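**Student:** What follows is a predicted structure for the sequence shown.
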Amino acid sequence: MTPMTLPAYTDRNEDREPEEDAGPVLRLVRGFLTNKATRLTAQSVQRALVHARFQGEATRTRQQAAAARTIKTIEEAVMGIGRIGLKLVELRALIAPLQEDGNVYARTSCAKRYEEMRNEIDLIAMSATYLGLNLIDGTDAHIRLMTGMTSRTAFTISHTNLTAGRKGLGLPALRFAFTHEIEIKDALHCIGLAQKHLHWAMNVYRQEALYIQRRTNVRLNKDVWPPKDELYHPPEDE
């Protein structure tokens with residue numbers, strides 16, 4: 001299985017804040033200056049400043065709320081990734097002993113449980129939803145978030161498919177109920193690739209959440225974010 005690519009941010013410099021436009025205050029004042037029919041007085045400028053300040057605060061409030069919803073959506077995805085990771089560890093522990101056990105009944109029994117767990121992984125991915133948004137199911141949802149006053153400060157949190165099937169984690173459906181050695185080896189190989197893909201997705205969403213936090217001061221739920229090594233990562237030669 002080839003890990004699905006999640007578009008990286010192409011216009012981001014962590015050491016440089018995105019440029020803002022002139023802002024609502026200067027825009028309104030410039031409007032007064034360019035309109036010859038308007039008499040620029042202290043009172044009119046004061047009204048413009050109050051109005052612009054109110055608009056700016058309302059915009060920042062909306063952006064803060066949107067950032068908080070985005071963080072919650074990412075955290076739901078991260079919790080789903082953690083649960084899927086545990087299922088993959090369980091799958092590996094289920095299948096690996098079959099390489100030494102030629103009992104047909106044991107293999108067919110494991111095959112049945114394997115298919116059940118593939119369905120459970122799908123359910124986990126589809127349930128990682130917050131306010132109707134899901135970043136790891138089989139849809140193509142994404143979030144476009146503004147962190148400033150212009151479109152130059154917008155970026156997109158993209159979707160990655162972590163369902164069990166071919167377009168997601170790539171866990172193969174069984175044809176021979178593990179009665180063929182090649183099917184056991186193929187399943188273990190695909191589980192290893194799926195675990196690496198989970199690590200990649202976890203790191204991407206971790207970076208996105210930290211970026212949003214830095215730009216908007218939205219708090220992260222520290223209980224959601226596991227240590228980087230909590231998900232089992234198979235050795236390269238598996």
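**Tutor:** Cool, the structure landed.
**Student:** Who are the contact partners of the residue lying closest to Phe178 once chain neighbours are set aside?
**Tutor:** Excluding its sequence neighbours, the residue lying closest to Phe178 (C-beta to C-beta, 6 or more residues apart in numbering) is Arg107, at 4.1 Å. No exception for glycine: its C-beta is placed from N, CA and C like everyone else's. By C-beta atoms under 8 Å, 6 or more residues apart in numbering, the contact list for Arg107 reads Leu98, Asp101, Ala177, Phe178, Thr179, Ile184.
**Student:** Just among these, which is most surrounded?
**Tutor:** Tallying neighbours with other C-beta atoms under 10 Å puts Phe178 at the head of the contacts of Arg107, with 24 neighbours.
**Student:** would that one count as being in a helix?
**Tutor:** No: assigned with DSSP: H, G, I helix; E, B strand; the rest coil, Phe178 falls outside any helix and is coil.
**Student:** Report the buried residues of stretch 189-197.
**Tutor:** Cys190, Ile191, Gly192, Leu193, Ala194, Gln195, Lys196, His197 (16 or more other C-beta atoms under 10 Å).
**Student:** Run through the helices of this protein in chain order.
**Tutor:** In the chain, the segments counted as helices under DSSP state H are 23-34, 42-95, 104-127, 181-216.
**Student:** Output the below-cut-off pLDDT ranges for this protein.
**Tutor:** Residues of the chain meeting the criterion pLDDT under 70: 1-60, 147-153, 227-238.
**Student:** Of the helices of the chain, which stretch is the most buried?
**Tutor:** Among these, ranked by average contacts under mean count of other C-beta atoms under 10 Å, first place goes to helix 181-216 (a mean of 18).
**Student:** Counting by contacts, list what that one packs against.
**Tutor:** Judged by 3 or more C-beta pairs under 8 Å, 6 or more residues apart in numbering; DSSP states H and E, helix 181-216 is in contact with helix 42-95.
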